[in-house]
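> Sequence and computational prediction follow.
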Amino acid sequence: MPGTFKKTLFLLRFMPDITTLYNEAVELLQQLIATPSFSKEEDKTADIIDGFLKSHGIETHRKLNNLWAWNKHFDPNKPTILLNSHHDTVKPNSGYTRDPFEAKLEDGKLYGLGSNDAGGCLVSLITVFLYFYDRQDLKYNLCLAITAEEEISGVNGLELIIPELGKLDFAIVGEPTLMQLAIAEKGLMVLDCTVTGKAGHAAREEGENAIYKALPDIEWFRTFKFPRESEVFGPVKMSVTIINAGSQHNVVPASCVFTVDVRVTDAYRNEEVLDIIRQHVSCEVKPRSVRLKPSSINKNHPIVQAGIALGRTTYGSPTTSDQSLLDIQSIKIGPGDSARSHSADEFVYVDEIREGIELYTEMLKKLT
């Protein structure tokens, strides 16, 4: 008991006060909202966050507009948890009635572009990192990564710095989920499919109509069922969304190009789905990218169980995030509501930020 008592006194003396950190988090978010940070233009918010972390004695690392840091007592023999969120935003839409950069606090709501997506998550994770930063008794390391270009799935965001972060065991990705546990996220492939025919005069039996040749493949995309289904999402979903063919009414089209939106579940890797598609269709299939992978984490993973123990529910997220760039297990969770993301007069409740900080902290405590 005496040893435990001394340890408790030590922690109470040297661990930062959550309320103080919460107030700093809200102030930091107001600064970030007031500073435009559209994708690829995040240098000024990167400067603000860098200065904030350094003011707390944290050594930071930077590559373009991405920042990262490790806890003070990093131990290479311990597992490492990645804490990640982004500081870029979309551009404000035409429906705004407020100044998107005013960062006004009104009736418990903090308004402004990026407040919900993903400012509340970002400052909450920064706060949690500060809370644990000096701890010597952690059973894990923490790596904080604050990244750019998430809104455009850019190559100069999280993907750029993953090689710099070292071995990571799992990740907590901060996105607005009402602090519920997104234990899986769909991947995305956009396919450009080309069918080649032969031009001819429409009045005569000439040519080979590329539209007609495309119809069996389009029907296949509409009806095919992949053998494996995700426990969270069910089947992989494919939708033909764009078709372009023909030049004028009296010419049999020599080519037909159509686009397919493929939402890949955690039952497959993107490359597997692409191989299956190519085995079944006769058209030429070119993926725009296979980077945006499906992601998931085992429901029995300690971080998921920690969230469930705190009353959180699990679900599968249909939207993509920086999870898609990770090859490790990851969970998406954060304050705010995804329904508010990219909306006019975007806001986050400051109570959501407080709850986010508290729940992130308690979940990580359970892992010690």
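Yep, it's here. Numbers count the residues shown, from 1 in each chain.
> Tell me where the stretch 51-200 of the chain has strands.
Counting by DSSP state E, counting those that start in this stretch, the stretch 51-200 of the chain has strands at residues 61-63, 66-70, 80-86, 105-106, 109-111, 141-147, 170-173, 181-185, 187-196, 200-201.
> could those strands be laid out in CSV, adding mean pLDDT, distance to S94 and mean neighbour count?
(Glycine included, C-beta is placed from N, CA and C.) Below are these laid out as CSV (pLDDT from 0 to 100; distance: least, Cβ to Cβ, whole Å; neighbours: other Cβ atoms under 10 Å):
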stretch, mean pLDDT, distance to S94, mean neighbour count
strand 61-63, 98, 34, 14
strand 66-70, 98, 30, 22
strand 80-86, 98, 24, 25
strand 105-106, 96, 22, 12
strand 109-111, 98, 17, 21
strand 141-147, 98, 28, 25
strand 170-173, 98, 30, 25
strand 181-185, 96, 29, 27
strand 187-196, 97, 26, 20
strand 200-201, 90, 46, 14
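> now these as a markdown table including distance to G157?
What follows is the strands of the stretch 51-200 of the chain, written out as a markdown table (distance: least, Cβ to Cβ, whole Å):
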| stretch | distance to G157 |
| --- | --- |
| strand 61-63 | 10 |
| strand 66-70 | 7 |
| strand 80-86 | 7 |
| strand 105-106 | 29 |
| strand 109-111 | 24 |
| strand 141-147 | 5 |
| strand 170-173 | 12 |
| strand 181-185 | 16 |
| strand 187-196 | 16 |
| strand 200-201 | 48 |
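> State the distance from the spatially most central residue of the chain to T147.
Nearest residue to the geometric centre of the chain (Cα atoms, centre = their mean): S321, 2.0 Å. Applying Cβ to Cβ, to the nearest Å, the value for S321 to T147 is 11 Å.
> Also E185?
Taken as Cβ to Cβ, the span from E185 to T147 is 16 Å.
> now L53
Counting by Cβ to Cβ - L53 and T147 are separated by 14 Å.
> Secondary structure class of the closest residue to I48 other than its chain neighbours, three-state.
Leaving aside its sequence neighbours, I48 sits nearest to Q31 (Cβ to Cβ, 6 or more residues apart in numbering; 5.5 Å). When classified by DSSP: H, G, I helix; E, B strand; the rest coil, Q31 comes out as helix.
> On the pLDDT front, check Q31 for me.
Q31 is assigned 98 on the pLDDT scale.
> repeat for the one 4 residues further on
Note on T35: pLDDT of 98.
> ok, now D322?
The model reports D322 with a pLDDT of 94.
> Contact partners for it?
Under the criterion of Cβ atoms under 8 Å, 6 or more residues apart in numbering, the neighbours of D322 are N84, H86, T147, E150, G157, L158, V173.
> what do you get for N66?
N66 makes contact with A46, A145, I146, T147, A148, N156, G157, L158, L160, I161 under the criterion Cβ under 8 Å, 6+ apart.
> Can I get those in TSV including distance to T361?
Shown next, in TSV, are the contacts of N66 (distance: Cβ to Cβ, whole Å):
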residue	distance to T361
A46	25
A145	19
I146	18
T147	22
A148	26
N156	31
G157	26
L158	23
L160	29
I161	25
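> Sitting in helices, which of those residues do you find?
Mapping the contacts of N66 onto helices (DSSP state H) picks out A46, L158, L160, I161.
> with the residues you listed in mind, which one is nearest to R340?
Comparing the ones in helices among the contacts of N66 against R340 with Cβ to Cβ picks out L158 as the nearest, at 22.7 Å.
> Please tell me how far that closest one sits from I146.
10 Å.
> shared neighbours of the two, anything?
Common neighbours of L158 and I146 (Cβ under 8 Å, 6+ apart) are N66, N84, H86.
> my guess is the last one meets I152, correct?
No: with contact defined as Cβ atoms under 8 Å, H86 does not reach I152; the gap is 10.5 Å.
> tally of neighbours for T60?
17 (other Cβ atoms under 10 Å).
> quick one: contacts for it?
D50, L53, K54, L67, W68, A69.
> And for D50?
For D50, the contact set (Cβ under 8 Å, 6+ apart) comprises T60, R62, L67.
> In CSV: those residues, plus distance to K299.
Converted to CSV, the contacts of D50 look like this (distance: Cβ to Cβ, whole Å):
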residue, distance to K299
T60, 35
R62, 36
L67, 32
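> between the residues you listed, which is nearest C193?
Within the contacts of D50, the smallest distance to C193 is 40.1 Å, found for L67 (Cβ to Cβ).
> For the closest one, list each beta-bridge partner.
Beta bridges link L67 to R62, I146, judged by DSSP bridges.
> Next up, the contacts around it.
A46, I49, D50, L53, T60, H61, L144, A145, I146, T147.
> Surely the second one and L125 touch.
No: I49 is not in contact with L125 according to Cβ under 8 Å; the separation is 11.3 Å.
> Next, the contact list for the residue lying closest to H61 once chain neighbours are set aside, please.
Nearest in space to H61, with sequence neighbours left out and distances taken as Cβ to Cβ, 6+ apart, is W68 at 5.2 Å. By Cβ under 8 Å, 6+ apart, the contact set of W68 is T60, H61, R62, C143, L144, A145, I146, I161, E164, L165.
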